[in-house]
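S.K.: Build me a model:
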Amino acid sequence: MPLEADVRRRLRDGAIGGLVLVALMNVAGISLNLFVTVTDTSGYSGVFPAMFATVQGAVHVLVGIALFIGGVIQIFTARRCTDRRFLGLTLIALVSLIGAAYSGYHFVYSGESTYSFAMEIGFLGVVLAEAFILALLIGPPARTRPNGPTSDAVPISGSRFEGPAAEV
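M.R.: Below is the predicted model of the structure:
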């Protein structure tokens, strides 16, 4: 497999993995926010001990760490690709994730809804960046033009779907 194809396959796999992890992170975070109360009298000090006091919190933190490590790996993978848009999108995803982690850290200490909202916006940034990576890897649809008075379409010359197999 050529190097560029291997890099794009790794970017695709990383983007799909990132989307799955963000979904898991969201479910754990929402259940943590709705069903778990971390009190000040629990004897814990700091964010990590407080978050690891519950299963949902532990999953949330561990998935966040996995997302960060995966984001760093994806940046190094994107650097090997000839299309620089992938590097920009992976950087956007990682910066969004860091912003979400920063907001989550402050949300645990303050309980202020603004930080919870900012954390969700950070996760949305990760989702959008990963979705754009997948959209770039899939590529644009073949361009077509009407074929006279019928509703059938034929490929435009130069599109990626030329030849007898593309004709309808």
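S.K.: If you count contacts, what does the lengthiest helix in the chain end up packed against?
M.R.: When the chain is scanned for its longest helix (criterion: DSSP state H), the result is helix 3-35. Here helix 3-35 touches helix 55-79, helix 85-110, helix 113-138, going by 3 or more Cβ pairs under 8 Å, 6 or more residues apart in numbering; DSSP states H and E. For glycine as for every other residue, the C-beta is placed from the backbone atoms N, C-alpha and C.
S.K.: pLDDT on it, on average?
M.R.: The average pLDDT for helix 3-35 rounds to 88.
S.K.: Work out the gap between it and the centre of the chain.
M.R.: 5 Å (Cα atoms, centre = their mean, to the nearest Å).
S.K.: Also stretch 97-111?
M.R.: Relative to its chain's centre, stretch 97-111 lies at 18 Å (Cα atoms, centre = their mean).
S.K.: List of residues touching it?
M.R.: Outside stretch 97-111, the residues that touch it by Cβ atoms under 8 Å, 6 or more residues apart in numbering are 29, 38, 47, 50-51, 64, 67-68, 71, 112, 115-116, 118-123, 125-126.
S.K.: Next, the buried residues of it.
M.R.: 97, 99-101, 103-104, 106-108 (16 or more other Cβ atoms under 10 Å).
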